[in-house]
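*Asks:* fold the following for me, if possible:
(chains A and B)
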Amino acid sequence: MKKQIANWGNYPVMESEEESFVFADQLAELVKKEQSFIPRGNGRCYGDASLSERTISTLKFDKILSFNTNTGVFECQSGITLDQILIVIVPQGWFLPVTPGTKFITIGGALGSDVHGKNHHVDGSISSHIIEMEVVLASGEIIVCSLDSYPDLFEATLGGMGLTGIISRVKFRLKKIETSYIRQKQIKAENLQELIGLFDEYNKYTYSVAWIDCLKKGEHFGRSILMLGEHALIAELDEEKKKDPLKLPANKQIAFPFNLPSWVLNKFTVKVFNFLYYGKNFKKEINNIVSYEPFFYPLDKVLHWNRGYGKNGFIQYQFVLPLDAKQGLIEILQRISSEGLGSFLAVLKVFGKQESMISFPKEGYTLALDFPVRKGLMPFLDELDALVLKYKGRLYMSKDARMKPEVLKAGYPELEKFKSIIKKYNPDGKIRSVQSDRLHLTTPE
Amino acid sequence: METVLILGATSDIAIAIAKKFASQKYNIQLAARKPEQLEAVQSDIKIRYGVDCSVHAFDALQYHTHNLFFEGLAPKPDITISIFGIMDEEEDAFNNWELTQRMINTNYTGAVSILNIAAKYYIGRKQGAIIGISSVAGDRGRASKLIYGSSKAAFNAYLAGLRNKCFKGNVHVMTVKPGFVYTRMTENMPLPKPLTSTTAQVADIVYGGFEKKKNVIYVKWFWRYIMLIIKNIPEFQFKKMKL
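*Replies:* The predicted model follows:
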């Protein structure tokens, strides 16, 4: 059935024919039958990556295949969401090795985007924890790949935006935990300089991320809150929590009921929001024990929070700059601050080293910002792209809906190799998305 | 722990119902024509809910195997849920006796064959429950659901009779009549959103009805009133309508 689909940014929106499957034999049949398609999970990438006129949804292919509670090896079909995995593993004393800021993504999508989390500088991205995965190629052929078997397919599928085939099964390693709680530390930084110093000072923390108020100018430019965390040990819990140290958080959610009119978000309201957010931390430093949910997934509490940006949608702009490009970070933030196009969330994180073919993370600073779609935004983002490239950075394809193919090419030195592997496993470009066509990954340059 | 037998376990609704009962700590027996498809569902149920789950071969059309199939179940199920059924294109079925016969024999004859066996067992031990997943399409015959609707009408009548027969034996029989449901079978049909249920909603309602020992439940509830209206349209009028 044709239906309107969009990813989390609600931009772009398009009509698509969606088909799903419950059993493996149905998947092979579907793949052979379709003229062209892109695999699609929960639609939580932001731009046009999992959009196409025809999509194959993995959401009904969501079964858990094995879980060794002694070794923490977990195997499942690709359509299961992280949220469902957590419900099963946390009470057994295990956690996701890497999690992004939402738990409402499928594991297949997590691999296709090679997601990172607050622990990237310690644990790398999700790809470092994968033992093997099964990929259904455009021809319908099923291949199990790992570092040792079909390593080219393995590497190009991790972060490969679904273009090599449909990830159908994943086997990965979980992380051992004593409790479901996080020992959290929040520190206020007066400006960007202080924040960068704090990141260095606290780099031993497993989890770290900062929230920046990018509308502040002058001496408070880059005013921010650094959030650090460790999985809490039983000994660190109070008596009440000790009774059930692996307790799952209560499932309370509120939903954003409608699209906010786009005028609601303006320089003034964002300033007020940022002021309140910063002001809620009264003290310079807060130390407490919280459930994993508010620590990792603060926004999941508000279902459909993306509606807050209005019906025109928004672009989340995420880039990474090398560690020595602090000046670039300042320049880009200043550019955003002077333009005043508004951003609820500006999230800064330090990436550790990572060698991969097409994954986004590499050592340096990554910043993510939201911009409501409005007149003048696209040319402005093109200007930001030029700055990102000037400082040898690159953009995250999972957030992208508008970058030009040259920008991708300049940012990813192994792009040609990636393209040649797509050609090998998806020779006719049968598996393609609006994004892959736009970026010339499945269309000629 | 009690055990639930799910007949026709490969459908989306069946999987949702199996998960619902498993989440309430029932052991699950999944039976289907292609049991090899159910390995993943089996591991999923075991791991998610920490209950036992087994897979069995069952073909509704092979009536002569039904006794042996039921005998072979260990343990014997405390609750038997019959979900299997097929819905072919009515126009194709109308023009092809093979298809018509297969639909009737699956949806009605096959169901009667296996449920008779289960009912005898339950009456014998004066304990047990049978749940039949039928359809609102069985409430009144109409052109667009000619064969499917009549097979479900027969199934409804059978379940009502069985409920009557089993009552004294302390065996409860529940009829479930879903309206539109979002499943893989219906994903290419434009369904009216307010009238359509998800498989998880069907499963919740079935479980709730079972707990309260309901006789006949509609999913969702307002289908009872929609069907009441449809049932009350005079035949001279009804026969002219396009439904």
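
*Asks:* quick one: pLDDT of the residue of the stretch 1-150 of chain A found nearest chain B?
*Replies:* Closest contact between the stretch 1-150 of chain A and chain B, by CB to the nearest CB, is at residue A:63 (3.8 Å). (Glycine included, C-beta is placed from N, CA and C.) Residue A:63 carries a pLDDT value of 98.

*Asks:* was I right about it contacting residue A:78?
*Replies:* No. The criterion here is CB atoms under 8 Å, and residue A:63 misses it with residue A:78 at 10.1 Å.

*Asks:* count the neighbours of residue A:283 for me.
*Replies:* Residues within reach of residue A:283, counting by other CB atoms under 10 Å in any protein chain shown, total 9.

*Asks:* once you drop chain neighbours, what's closest to it?
*Replies:* residue A:188 (7.9 Å; CB to CB, 6 or more residues apart in numbering or on different chains).

*Asks:* CA atoms only for the helix or strand encompassing that neighbour - export them in CSV, please.
*Replies:* Using DSSP states H and E, residue A:188 maps to strand A:181-189. C-alpha atoms of strand A:181-189 as CSV (Å, rounded to 0.1, in the frame of the first residue of the first chain):
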residue,chain,number,x,y,z
TYR,A,181,21.6,2.6,37.4
ILE,A,182,24.1,5.2,36.3
ARG,A,183,26.3,7.2,38.6
GLN,A,184,26.0,10.5,37.0
LYS,A,185,28.1,13.7,37.2
GLN,A,186,27.0,17.0,35.7
ILE,A,187,29.3,19.9,35.5
LYS,A,188,28.5,23.4,34.3
ALA,A,189,31.1,25.1,32.0
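
*Asks:* quick check: buried residues in the helix or strand just after it?
*Replies:* Downstream of strand A:181-189, the first helix or strand assigned by DSSP H and E is helix A:192-201. By neighbour count on 16 or more other CB atoms under 10 Å in any protein chain shown, the buried set for helix A:192-201 is A:192, A:194, A:195, A:196, A:198, A:199.

*Asks:* show me what helix A:192-201 is packed against.
*Replies:* Where contact means 3 or more CB pairs under 8 Å, 6 or more residues apart in numbering or on different chains; DSSP states H and E, helix A:192-201 is packed against strand A:181-189, strand A:207-212, strand A:224-231, helix A:326-339.

*Asks:* 6 Å instead?
*Replies:* Other helices and strands packing on helix A:192-201, by 3 or more CB pairs under 6 Å, 6 or more residues apart in numbering or on different chains; DSSP states H and E, are strand A:181-189.

*Asks:* on the three-state scheme, residue A:132 is what?
*Replies:* Of the three states, residue A:132 takes strand under DSSP: H, G, I helix; E, B strand; the rest coil.

*Asks:* which one is it nearest to, not counting chain neighbours?
*Replies:* Nearest one to residue A:132, counting by CB to CB, 6+ apart, is residue A:146 at 3.9 Å.

*Asks:* go on, residue A:258?
*Replies:* Residue A:258's closest residue in space is residue A:307 (CB to CB, 6+ apart), at 6.4 Å.

*Asks:* pretty sure the one you found contacts residue A:259?
*Replies:* Yes. Residue A:307 lies in contact with residue A:259 (CB atoms under 6 Å); the separation is 4.7 Å.

*Asks:* hmm, back to that, if the residue nearest to residue A:283 is in a bridge, with which residues?
*Replies:* residue A:225 (DSSP bridges).

*Asks:* counting neighbours, what do you get for residue B:225?
*Replies:* Neighbours of residue B:225 (other CB under 10 Å): 10.

*Asks:* with residue A:162 instead?
*Replies:* With other CB under 10 Å as criterion, residue A:162 counts 32.

*Asks:* can you give me the neighbour number for residue 152?
*Replies:* All of this refers to chain A. Neighbours of residue A:152 (other CB under 10 Å): 16.

*Asks:* my bad, the chain I had in mind was chain B
*Replies:* 26.

*Asks:* these two touch, right, it and residue B:136?
*Replies:* No. Contact between residue B:152 and residue B:136 fails when scored by CB under 6 Å: they sit 8.4 Å apart.

*Asks:* now do the helices in the stretch 51-200 of chain A.
*Replies:* Using DSSP state H, counting those that start in this stretch, the helices found in the stretch 51-200 of chain A span residues A:82-89, A:107-112, A:120-123, A:151-157, A:192-201.

*Asks:* any chance of the ones you listed in JSON lines, plus distance to residue B:183 and mean pLDDT?
*Replies:* JSON lines is the format used below for the helices of the stretch 51-200 of chain A (distance: least, CB to CB, whole Å; pLDDT from 0 to 100):
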{"stretch": "helix A:82-89", "distance to residue B:183": "20", "mean pLDDT": "97"}
{"stretch": "helix A:107-112", "distance to residue B:183": "21", "mean pLDDT": "98"}
{"stretch": "helix A:120-123", "distance to residue B:183": "39", "mean pLDDT": "97"}
{"stretch": "helix A:151-157", "distance to residue B:183": "30", "mean pLDDT": "98"}
{"stretch": "helix A:192-201", "distance to residue B:183": "50", "mean pLDDT": "94"}
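
*Asks:* quick one: which of these is nearest residue A:243?
*Replies:* The closest of the helices of the stretch 51-200 of chain A to residue A:243 is helix A:82-89. By CB to CB, the value is 19.8 Å.

*Asks:* quick check, pLDDT for the residue nearest to residue A:132.
*Replies:* 98.

*Asks:* what's the burial count for it?
*Replies:* For residue A:146, using other CB under 10 Å, the count is 14.

*Asks:* how close does it sit to residue A:153?
*Replies:* 10 Å (CB to CB, to the nearest Å).

*Asks:* before we move on, what about residue A:166?
*Replies:* 12 Å.

*Asks:* who has more neighbours out of those two?
*Replies:* Ranked by neighbour count (other CB under 10 Å), residue A:166 and residue A:153 place residue A:166 first, with 28 against 22.

*Asks:* show the pLDDT at residue A:267.
*Replies:* For residue A:267, pLDDT reads 63.

*Asks:* repeat that for the one 3 residues further on.
*Replies:* Reported pLDDT at residue A:270 in the predicted model: 66.

*Asks:* how about the helices in chain B?
*Replies:* B:12-23, B:39-49, B:66-71, B:90-94, B:97-104, B:111-125, B:146-167, B:199-211, B:223-232, B:235-238 (DSSP state H).
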